[in-house]
Structure formats: structure tokens, C-alpha cells
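# The sequence isn't on hand, but the structure is:
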């Protein structure tokens, strides 16, 4: 936004600051960043930590965790019920 003819740069910037407040600018920038954040996939390390990577089954995710040296929780079946025992393999 260059100044109109006959208006100094300082006057032009002051007019713009009055017309477009810093609060409105901050709100728009933060809104854009929030939308950008939600448009991206969860970071891979967060997915691994949660135990399910997009595009992989839970078993494939566990295999990936083993390959990269990440602890994998095992489940024990007891009377048809599954309960994590906290054992790390």
C-alpha cells in the first residue's frame, strides 16, 4: 500500500493504523495460524506416541516403534478381556 499522491509516508501509515487496528490484525493472523495448524496432519512423533500412525495399522505402528527403539506396551488377554499390563518389550 503505497501512499496516495500528495500524502507523506508517515501520514499514510498513521491513517492505515487508525483504519486497521493492531487488535484486528492480530486476530486475523492468529485465526489464520489456527486454521493452518488444523489443516495439517498431526506430527509423526505425536502419532507414534499415541500408538497409531495415519496410514498404518496398530500392528504396523508397533513394528515401527520397535524399529526405532520406542517402547511398545504389550497386552495380555485374560478371560477374553484385554488389559495393558505395562510390560515394555
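Everything's here; your move. Predicted model, so just to flag it, every value in this text is computed and none were measured.
# if you average pLDDT over the longest helix along the chain, what comes out?
Ordering each helix of the chain by length in residues (DSSP state H) puts helix 22-39 first. Per-residue pLDDT over helix 22-39 has a mean of 94.
# And the helix or strand just after that helix, how far out from the chain middle?
Remark: after helix 22-39, the chain's next helix or strand is helix 44-50, criterion DSSP states H and E. Helix 44-50 has its C-alpha centroid displaced from the chain centroid by 12 Å (CA atoms, centre = their mean, to the nearest Å).
# Can you pull out the residues in contact with helix 44-50?
42, 53, 54, 61, 64, 65, 68, 70 (CB atoms under 8 Å, 6 or more residues apart in numbering). For every residue, glycine as well, the C-beta is placed using N, CA and C.
# among these, who's most crowded?
In terms of neighbours by other CB atoms under 10 Å, those top out with residue 61 at 20 neighbours.
# Correct me if wrong: it contacts residue 67.
No - between residue 61 and residue 67 there is no contact, the gap being 10.7 Å when judged by CB atoms under 8 Å.
# export the contacts of helix 44-50 to CSV and tack on pLDDT, secondary structure and distance to residue 19?
What follows is the contacts of helix 44-50, written out as CSV (pLDDT from 0 to 100; DSSP: H, G, I helix; E, B strand; the rest coil; distance: CB to CB, whole Å):
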residue, pLDDT, secondary structure, distance to residue 19
42, 89, coil, 39
53, 93, coil, 48
54, 92, coil, 44
61, 93, helix, 52
64, 94, helix, 53
65, 94, helix, 54
68, 93, coil, 53
70, 90, coil, 53
